[in-house]
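**Q** heads up, no residue letters with this:
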């Protein structure tokens, strides 16, 4: 039986309870959870700011988490989804606040004909654990 691979995206600028909830929820959709950790350039594009921690540090933090099986850095060039294509996931899960990313990925999927199941995950106390609050 082939493993079902689930992918999540994030900057993960310091792993907090909201991220742990994201990992646990996403893991429920499959057997292997892969986190694509956004590069510094992705943080600037999607969040309008540079992260506090380097992309290598953030990758290391995510790799230490129990529910994450694999973590890789995202693409240098945004919206190309090369890393995603190489991972060939069955499912991509989005955090409650990743609307722009979800729309961008759907556009890419339409252009490329790639078929991946998409799921939105529930927020975990966003008023307390969202990075903009922390």
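**A** Arrived safely, thanks for sending. The structure presented is a predicted model; accordingly, all values stated were derived computationally and were not measured.

**Q** alpha carbons only for contacts and neighbour counts from here, please
**A** Fine.

**Q** strands along the chain, start to end?
**A** Applying DSSP state E to the chain gives strands spanning 5-10, 32-37, 70-73, 91-94, 117-120.

**Q** name the strands paired with the third one and say parallel or antiparallel.
**A** Right, the one you point to is strand 70-73. strand 32-37 (parallel) (DSSP bridges).

**Q** what's the nearest residue to residue 29 if we skip its chain neighbours?
**A** Leaving out its chain neighbours, the residue that sits closest to residue 29 by C-alpha to C-alpha, 6 or more residues apart in numbering is residue 6, at 6.8 Å.

**Q** who touches the one you found in this structure?
**A** 26-27, 29-34, 89-93 (C-alpha atoms under 8 Å, 6 or more residues apart in numbering).

**Q** output those as CSV; include the columns pLDDT and neighbour count.
**A** What follows is the contacts of residue 6, written out as CSV (pLDDT from 0 to 100; neighbours: other C-alpha atoms under 10 Å):
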residue, pLDDT, neighbour count
26, 98, 28
27, 97, 22
29, 97, 18
30, 97, 16
31, 97, 13
32, 98, 19
33, 98, 26
34, 98, 25
89, 97, 21
90, 97, 16
91, 98, 20
92, 98, 22
93, 98, 23
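
**Q** and those residues, which is closest to residue 17?
**A** residue 26 (14.1 Å; C-alpha to C-alpha).

**Q** please name the nearest non-neighbouring residue to that closest one.
**A** Residue 26 sits nearest to residue 93 (C-alpha to C-alpha, 6+ apart), 6.1 Å away.

**Q** now the one you found: how far from residue 28?
**A** According to C-alpha to C-alpha, to the nearest Å, residue 93 stands 10 Å off from residue 28.

**Q** with residue 35 instead?
**A** For residue 35, the distance to residue 28 - C-alpha to C-alpha - is 14 Å.
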